[in-house]
Structures are given as structure tokens and as C-alpha cells.
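Asks: Sequence first, then the predicted structure, then my questions.
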Amino acid sequence: MAQTAQQLRRIDVAENEAQRVFTLQRQAYLRTPYPSYEERRENLHKLERILVDNASAIADAISADFGHRAVEETLMAELFTSVDGLRDAQKKLGKWMRPQSRHVSVLFATGSNRVIPMPKGVVGVVSPWNYPLFLTAGPLTSILAAGNRAMVKMATNSQHLCRLLAEKCAAVFPEDTLAILPGVRAPVHHARDRHLDGRQAQRRDRAVQPGQDRERGTEGLPGQAGHRGPAGHTRPAG
């Protein structure tokens, strides 16, 4: 119980930090809702330099998260592709920001129509563990190019890389532009509810092999003898 309470306190602290950063970024967006071309290009260049200048450290962090992964795989599948995307975005940014003409109905023949790309504001990134750098840097490229601000939550088992990127990004990016948040969980269910639901599910769904109920001092459910599979479902015993 004491360990669970400590874990819940850590989660609450991390979530309060995430809320603080969100409020900070939202206020910054309302002050400056349309960053200039120069600001966006500079943000993309900063992210590119972080990846290029820390290539070895990034590969080591990813290897530590995996237990082991070849440096060559990280460089080829994640680092080079991420840097290439950032450089391509810098080249095409001006074109992407220009207003785009649209067809006007004959009923409005004297008028004109155009689409002006506008930032959304604060964008969240929840990146998975299998290609953690590429699946973080890729979305960030689009987010920063579009003039948005970003909060990043990386996978729980990508924390070596998460802490490294958080440190490097904090050194060059204002917190109201880009923040990588170690220790923040995905916003699915409240931790207390998840903990209680898990204990209730264990009591409710426990099923035992025939003949084991007496050894465990429990009674098997009629017609449901079996064992639990990886997904936690009951299936007949083989």
C-alpha cells in the first residue's frame, strides 16, 4: 500500500507539471497565434541540430531502452530519416505557408476565394516505443512547421531517450514552444481507478485448473475451468 501511494503521488506530480506546461503553452499561443516564417524555420533548425549533434548519445539511449539495439538500425531507420524530414520541411516551409487559391462558383464570379493555413495552438504527441525517435521527431516536424507548440509524452519504456531529449530540448527551446515530459502517463484512466479496477478484475475473473481449487482454498467457477491467457481472458484448459 505504501509503495502504491508513493507511485500515485509521483503520477500526480507529473500530471500537475503537464497541466502547468499546457497552460503556459496555451497562453503563449494566444499571445502569438501566428509565428513568422523565420521563427518556424529556426525551430526546425534547432531540432535538426539536436539530432545531428547528439547522434551517438541518442543511439546509446535507445539501445539502453531496448536492452540492446544495433546502432546502425537506429541511425538508418530513425536518425537519418528524421533529419531528412526536417531538412525537407525547411526547404518547403515558405510554400506551405502561402495562401492557396480556391475555385469560386459562377454565382460569385466577381469574388475570390483562398485558404490561409493557420496554426491549431498546442498539439500533444504520444509516441510509441518501437521507433521512438522517428515517431517523435516526425510529428514534431509537422507541428513546428505549422507554427504550433508541442507537448511530448514518450513511451514508459523509452525513458532513457525521453530524458535525453528533454534535457537537450530544454537547453534550446523555450518551454512554451516545446516540452518533452518524462514520467507523464497516457491520459486514459485515472491511476487510482485503474488500480482498483485491476484488483476487482483479479477477484472476479480468476479461474483455476480442475483440481487446483482445493489446493488454493478457492472454488472454481462452474463451466469456466481454465487458465488466463496473455490478454487476461479465460480460455479452456488444454
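Replies: On my side now, so go ahead.

Asks: List the buried residues for stretch 131-147?
Replies: 131-141, 143-147 (16 or more other C-beta atoms under 10 Å). In this view, the C-beta of every residue, glycine as well, is placed from N, C-alpha and C.

Asks: Restricted to helices, list those.
Replies: Counting by DSSP state H, the buried residues of stretch 131-147 place 134-141, 143-145 in helices.

Asks: Other residues contacting stretch 21-41?
Replies: Stretch 21-41 is contacted by residues 43, 90, 93-94, 97, 118-119, 121-122, 144-149, 151, 174-177, 179, 181 when judged by C-beta atoms under 8 Å, 6 or more residues apart in numbering.

Asks: Sitting in strands, which of these do you find?
Replies: 122, 149, 151, 179 (DSSP state E).

Asks: Mind putting these into a markdown table with neighbour count?
Replies: Converted to a markdown table, these look like this (neighbours: other C-beta atoms under 10 Å):
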| residue | neighbour count |
| --- | --- |
| V122 | 21 |
| R149 | 28 |
| M151 | 21 |
| A179 | 24 |
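
Asks: for R98, phi and psi?
Replies: phi -70, psi 140 (degrees, to the nearest 10).

Asks: where's it relative to P117, distance?
Replies: 8 Å (C-beta to C-beta, to the nearest Å).

Asks: List the contacts of V123.
Replies: 139, 143, 148-151.

Asks: at 6 Å what do you get?
Replies: By C-beta atoms under 6 Å, 6 or more residues apart in numbering, the contact set of V123 is 143, 148, 150.

Asks: wait, doesn't L164 sit right on D60?
Replies: No - contact criterion C-beta atoms under 6 Å: L164 and D60 do not qualify, at 8.7 Å.

Asks: Now for the two: what residues contact both?
Replies: In contact with both L164 and D60: no residue, using C-beta under 6 Å, 6+ apart.

Asks: Neighbour count: these two, which is higher?
Replies: Set L164 next to D60 and count neighbours by other C-beta atoms under 10 Å: L164 wins out with 20 against 16.

Asks: Not including adjacent chain positions, what is the nearest residue to the more buried one?
Replies: A61 (4.7 Å; C-beta to C-beta, 6 or more residues apart in numbering).
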